[in-house]
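Visitor: Quick one, what's the 3D model for this:
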Amino acid sequence: MKDTTVTIALLMPLTEDEGEKLVGRLDLGQAAMQMMITAAGLGIASGQASCHDQALAQSVLGFPDGKHCALLLALGYPADRPLAPINNPARRDFDDVVHFGSW
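Guide: Residues are numbered from 1 along each chain as shown. The predicted structure follows:
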């Protein structure tokens, strides 16, 4: 993350409640996805990483006690080429991966 133009830290409250943890992670995942989609529309590349060393993250980022750094979202312009849509992605046909009612 040290060489990115911008890194966004997504924080959530520390809690022992498993339901709150689950909902918090879901919410942060959706927020990260929306930021990444928006960035791509502006030609900005992105990548996310989890944060395992909370003590280091807190010392570097300065967030308060009682918070947990769940995700880091790196943003920047690609160095080797402009970010652009893939015109012919190598994907399987829709009917090969989506099934209704049965396999």
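Visitor: And the longest helix along the chain, what's buried?
Guide: As assigned by DSSP state H, the longest helix anywhere in the chain is helix 18-41. For helix 18-41, burial by neighbour count (16 or more other C-beta atoms under 10 Å) applies to 21, 24, 28, 32, 35, 36, 39. Glycine gets a C-beta too; all of them are placed from N, C-alpha and C.
Visitor: Which member of the residues you listed is positioned nearest residue 69?
Guide: residue 28 (10.2 Å; C-beta to C-beta).
Visitor: Please verify my assumption that the closest one contacts residue 70.
Guide: Yes. Because the distance of 5.2 Å satisfies C-beta atoms under 8 Å, residue 28 is recorded as touching residue 70.
Visitor: list residues touching both of those two?
Guide: 10, 12 (C-beta atoms under 8 Å, 6 or more residues apart in numbering).
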